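Q: Model the following, please.
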Amino acid sequence: MELLRLENIRVQRGGRLVLDGLFLSLSMGEKVVVAGDNGAGKTTLVEAVMGFVPLEGGEIYFKGRKLETEQDFSALRRSVG
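A: Numbers count the residues shown, from 1 in each chain. All right, here's what the predicted structure looks like:
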């Protein structure tokens, strides 16, 4: 079962494009490592998934449901502890 899906994620920070066209799909029980140089967008990716930074584009799905509102992201944050 797909747990999390990111489609065409685009995020700007401080006027700089940090994430552009990011796609990621994670299934239940799957483990993933996100690695990269300083400034590569690792923290921004996590903050975008958790709803802490606004998306310039793209969509995030959690358990098949599109996350659109602060309530949706709050539910996701509660589920991951």
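Q: Show the contacting residues for the most centrally placed residue in the chain.
A: With distances taken as C-alpha atoms, centre = their mean, the residue of the chain nearest its centroid is Val49 (2.7 Å). By C-beta atoms under 8 Å, 6 or more residues apart in numbering, the residues touching Val49 are 4, 6, 60, 76. (C-beta placed from N, C-alpha, C; glycine too.)
Q: Go through those and name the one nearest Asp20.
A: Checking these against Asp20 by C-beta to C-beta gives Leu6 as the nearest, at 12.4 Å.
Q: So the closest one sits against Leu24, correct?
A: Yes. Assessed by C-beta atoms under 8 Å, Leu6 is found in contact with Leu24 at 4.4 Å.
Q: Quick check: the residue in the chain sticking out farthest from the centre vs Val53, distance?
A: Going by C-alpha atoms, centre = their mean, the residue of the chain most distant from its centre is Gly15, 19.1 Å out. In this view, Gly15 and Val53 are 14 Å apart by C-beta to C-beta, to the nearest Å.
Q: Likewise for Leu22?
A: Taken as C-beta to C-beta, the span from Leu22 to Val53 is 13 Å.
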